[in-house]
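task: produce atomic coordinates for the following.
(chains A and B)
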Number of protein chains: 2
Amino acid sequence: MLKPEYIEETYRKLGGEGLLLVSRSKAKRRPNAMTIGWAFLGRFWDEPFFVVAVRKSRYTHRCIEETGDFTVNVPGRGMEGALRFCGSHSGRDHDKFKEAGIRSGKAKKVSSPVVLGSSIVYECRVAYKANIAPKSLPKSVLNGIYPDRDFHTLYFGEVVACYRGPRA
Amino acid sequence: MLKPEYIEETYRKLGGEGLLLVSRSKAKRRPNAMTIGWAFLGRFWDEPFFVVAVRKSRYTHRCIEETGDFTVNVPGRGMEGALRFCGSHSGRDHDKFKEAGIRSGKAKKVSSPVVLGSSIVYECRVAYKANIAPKSLPKSVLNGIYPDRDFHTLYFGEVVACYRGPRA
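Prediction:
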């Protein structure tokens, strides 16, 4: 389900302009996108996984807690501005899709939407989650990455669908 | 440090014949290899990571606990037999390198050795670890994957070196 031929592009963009992690609050139903540069791809329990790291203070954290799913969207051409916008504003205060000039579409298997015009879409259902445990962190990471003690939750998303993104 | 062009091959073999996770006990110094089909590759805290899952009962678990590092070796040609052997025997009772017909070499930056003749080598230093928490597991996983409650520890290995493997 996780196609090896997609992985190089996914990984390059993860370390470059970033990927769009998309979720949706149950109440508002408004799609919400967050730019991410940290994530893991892999296989566990014989299934393909996309693991994303979301700080507890983030609006995305609340959305994923509510729905138990998310999508990861590898950006297509011309989405650089949207990536910058979604990396610096909160979905609490903004309709990020509208303001970033991107459009959402229905996912095939999860409730979170996808970004139209993406190069690759991963639809993920949370199968496991783990909070980063401060006591297991190297001191340099604790102080460098978590000066405000705003720790990440790691969401282990089983990839239930993976395909070349739908046109914008 | 984690080269995008290596990732497709790494992921294909992870889901195919497997990769060799190599460690070494501090006391015995004998290299120990374990065949793995489950792992994660990614970026976290601005660094490249290889995350491996090792059950607490495994000899490899003790070795990584002792040294704090490991290598992941993407097998080269002719290593199918070694992968089968290292997936079905324990380093407690066997000199697995010798019996599997593979040779170890010195790593560049970590104390665990590498497998000569590998296609790609990842040298990893454990920066964080997390035990799988039973209470967060789906029931199907708890009973299907952990019938003996022999849970995995996830070792988050920062990739400190990554290169085309040395010749056998």
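
what residues does chain A have near chain B?
Along chain A, the residues adjacent to chain B under the rule CB under 8 Å from any CB of the partner chain are A:2, A:4-5, A:7-8, A:11-12, A:14-15, A:37-46, A:49, A:51, A:53, A:127-130, A:132-133, A:136-138, A:141, A:144-145. Every C-beta, even on glycine, is put in place using the N, C-alpha and C of the backbone.

mark which of those are buried, thanks.
Neighbour-count burial within the residues of chain A next to chain B applies to A:2, A:4, A:7-8, A:11, A:14-15, A:37-45, A:49, A:51, A:53, A:127-130, A:132, A:137, A:141, A:145; the criterion is 16 or more other CB atoms under 10 Å in any protein chain shown.

among these, name the ones in helices.
A:4, A:7, A:8, A:11, A:14, A:141, A:145 (DSSP state H).

in chain A, where is pLDDT below threshold?
Regions of chain A meeting the criterion pLDDT under 70 cover residues A:1.

the strands in it, which residues?
A:19-24, A:31-36, A:39-44, A:47-55, A:69-74, A:104-105, A:114-115, A:120-131, A:152-164 (DSSP state E).

okay, stretch A:20-31 in CSV with CA atoms only?
Taking Å, rounded to 0.1, in the frame of the first residue of the first chain, the C-alpha atoms of stretch A:20-31 are listed here in CSV:
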residue,chain,number,x,y,z
LEU,A,20,1.0,19.2,4.3
LEU,A,21,-0.5,17.3,7.2
VAL,A,22,-4.3,17.7,6.8
SER,A,23,-6.9,17.1,9.5
ARG,A,24,-10.4,18.4,10.4
SER,A,25,-12.2,19.1,13.6
LYS,A,26,-15.3,17.1,14.1
ALA,A,27,-17.4,20.1,15.1
LYS,A,28,-16.3,22.7,12.6
ARG,A,29,-15.6,20.3,9.7
ARG,A,30,-13.3,23.0,8.2
PRO,A,31,-10.2,21.4,6.8
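
how far does that stretch sit from its chain's centre?
Chain-centre distance of stretch A:20-31: 11 Å, with CA atoms, centre = their mean, to the nearest Å.

buried residues in that stretch?
By neighbour count, with 16+ other CB under 10 Å as the criterion, the buried positions of stretch A:20-31 are A:20, A:21, A:22, A:23, A:24, A:25, A:30, A:31.

now stretch A:86-99
A:86, A:87, A:89, A:91, A:94, A:96, A:97.

ok, the fourth one - contacts?
The neighbours of residue A:91, taking CB atoms under 8 Å, 6 or more residues apart in numbering or on different chains as the test, are A:30, A:32, A:33, A:34, A:59, A:60, A:63.

and which of those residues is nearest to chain B?
residue A:34 (15.6 Å; CB to the nearest CB).

which strand residues bridge the closest one?
residue A:21 (DSSP bridges).

hang on, it packs against residue A:89?
No - Residue A:34 is beyond contact range of residue A:89, at 9.5 Å (criterion: CB atoms under 8 Å).

if anything else comes up later, I'll come back, but that's it for now.
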